[in-house]
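Chemist: Next come a sequence and a model predicted from it.
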Amino acid sequence: MLKIAYKLKYALVALAIIGFTSCSDDEKTLAPVEETPLRTKIDYATLTATTPYSTPFVDKDKKSTVDLSSGNNRYKMFQALNSNMTSGVSGNKLIDAAVLKNLFSNTGNPFADSTKLNTSGVQLRNTVASSWPAADAEAVRANFEALFGLLAEASKSVTQTGEKGKAGKIGTYLVDAKGVELVQVVQKSLIGALQLDYINNVLLTKGLDADNKAVVTGKVYTQLEQNWDEAYGLLTLNPIYLAGSTDATRGTTEFGLGSYVWEYNKGAYAKIYPAFLKGRAAIVNNDKTELKAQADYIKTETEKAVAASAVGYLKKYNDATTDAARVHAIGEGIGFIYSLRFANANGANAKFSDDILAGLGVASANGIWDLTPAKVTAASDAIKAKFKL
């Protein structure tokens, strides 16, 4: 009897321990530790097409959490590189490939002192094709530097008249011996390799997985907030992108991708800024579903603008009645077609882009002088089908 009582005693102790442990677990489940939200939530309905980008996004001390400097600085570097090329052509001056390379890589203080770009800590070169594997990205960067060399060589004939097999100016446009306006090829190709790729394939894709729980050390923004702001800053310098624009009139000064979104995507250009604004608010609200939806819209529609630009310039080539108009149109068209290798949201890639360029035959011995309306139409049709234009 004593032995049974002894066993019962220890069984009850064991049950008590189990019960105590179970109760403790229940208490932990019922009383979770809640994190204090980093920002005050924003009502999406309060955002309008006239809300300046930086206005709604502040910390608890009402200090702005928006920093557009990195994106804006690269935008200005792109402008400066383009200005060096175009001013050289218009001024009948030799173009220095070394200077272009320095502007590309922000080496040797290449920018005007007043811009403060030299000490900005950013550059174009390491951003170009940065969504690609390292070796492939480096090949793209080297290709641009090779184009700088070809442009410099063509500029030696800037005061001569260009024709088949001979570099020079046709009208006001400098072409190489193959009839290619290299300035336009560089500019339009950078719209894809720099702006499309870095905004869409890096900042608004991989960049959406960045931390949003704590501010970056020494800063007022989280890394996710900064990624989104950098994307906006590389698209435009304006606090409201395309403010006051209509289908007939662009209401703001824009450059590169931001300009062609308005010109060649009339159905969507007015929705790009609200998408940037709502996406930034979604970051504040920790609303990943809304954030991705707005990012996807921006990516899809900016890519369609580039595709439509390519189609538009191919049409201008076929419609042109002078050699000057033709070389200018196809130069822009070639650059936009090259850019389509970065249009991932619409399913394009390097093969798609290269196949179209190969079909045009611009790499042949005679270059664009061998182009035919049929080749140009085939290229246009392929782009329209891929992008559902």
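Modeler: Looks like it arrived, so ask away.

Chemist: element containing the residue nearest to Ile199 when sequence neighbours are not counted?
Modeler: Leaving aside its chain neighbours, Ile199 sits nearest to Ala231 (4.6 Å; criterion: C-beta to C-beta, 6 or more residues apart in numbering). Where C-beta positions appear, they are placed from N, C-alpha and C, glycine not excepted. Assessed by DSSP states H and E, Ala231 sits inside helix 223-235.

Chemist: helices or strands up against that helix?
Modeler: helix 69-90, helix 269-284 (3 or more C-beta pairs under 8 Å, 6 or more residues apart in numbering; DSSP states H and E).

Chemist: Against Tyr198, how distant is the residue nearest to Ile199?
Modeler: Look at Ala231 and Tyr198: by C-beta to C-beta, to the nearest Å, they are 8 Å apart.

Chemist: measure stretch 120-138 end to end?
Modeler: Using C-alpha to C-alpha, to the nearest Å, one end of stretch 120-138 lies 22 Å from the other.

Chemist: just the helices and strands packed on helix 223-235: most buried one?
Modeler: helix 269-284 (a mean of 22; mean count of other C-beta atoms under 10 Å).

Chemist: which secondary structure elements does it contact?
Modeler: helix 223-235, helix 257-264, helix 288-319.

Chemist: any idea of the angle that helix forms with helix 223-235?
Modeler: If you take axes from the mean of the first three to the mean of the last three C-alpha atoms, to 10 degrees, helix 269-284 sits at 160 degrees to helix 223-235.

Chemist: and the angle for helix 269-284 with helix 257-264?
Modeler: Helix 269-284 and helix 257-264 are oriented at 140 degrees to each other (the same axes, to 10 degrees).

Chemist: quick one, helix 269-284 and helix 288-319 angle?
Modeler: Going by the same axes, to 10 degrees, helix 269-284 makes 160 degrees with helix 288-319.

Chemist: Would you mind pulling the contact partners of stretch 187-200?
Modeler: 74, 78, 81-82, 85, 124, 127-132, 140, 144, 147, 231, 234-235, 256-257, 260, 298-299, 302-303, 306, 309, 331-332, 334-336, 338-345 (C-beta atoms under 8 Å, 6 or more residues apart in numbering).

Chemist: which residue ranges form the helices in this structure?
Modeler: 2-30, 69-90, 97-105, 134-154, 182-190, 223-235, 257-264, 269-284, 288-319, 323-339, 350-360, 373-387 (DSSP state H).

Chemist: Output these in JSON lines, with distance to Lys60 appended to each entry.
Modeler: JSON lines is the format used below for the helices of the chain (distance: least, C-beta to C-beta, whole Å):
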{"stretch": "helix 2-30", "distance to Lys60": "30"}
{"stretch": "helix 69-90", "distance to Lys60": "23"}
{"stretch": "helix 97-105", "distance to Lys60": "40"}
{"stretch": "helix 134-154", "distance to Lys60": "40"}
{"stretch": "helix 182-190", "distance to Lys60": "40"}
{"stretch": "helix 223-235", "distance to Lys60": "14"}
{"stretch": "helix 257-264", "distance to Lys60": "33"}
{"stretch": "helix 269-284", "distance to Lys60": "12"}
{"stretch": "helix 288-319", "distance to Lys60": "21"}
{"stretch": "helix 323-339", "distance to Lys60": "42"}
{"stretch": "helix 350-360", "distance to Lys60": "46"}
{"stretch": "helix 373-387", "distance to Lys60": "44"}
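
Chemist: and Asp43, which of the ones you listed is closest to it?
Modeler: Among the helices of the chain, the nearest to Asp43 by C-beta to C-beta is helix 269-284 (8.5 Å).

Chemist: neighbouring contacts of the closest one?
Modeler: Counting by C-beta under 8 Å, 6+ apart, 39-42, 44, 47, 49, 51, 53, 56-57, 66, 212, 222, 224-225, 228-229, 231-232, 235, 240-243, 245, 261-262, 288, 290-291, 294-295, 297-298, 301-302, 305 sit against helix 269-284.
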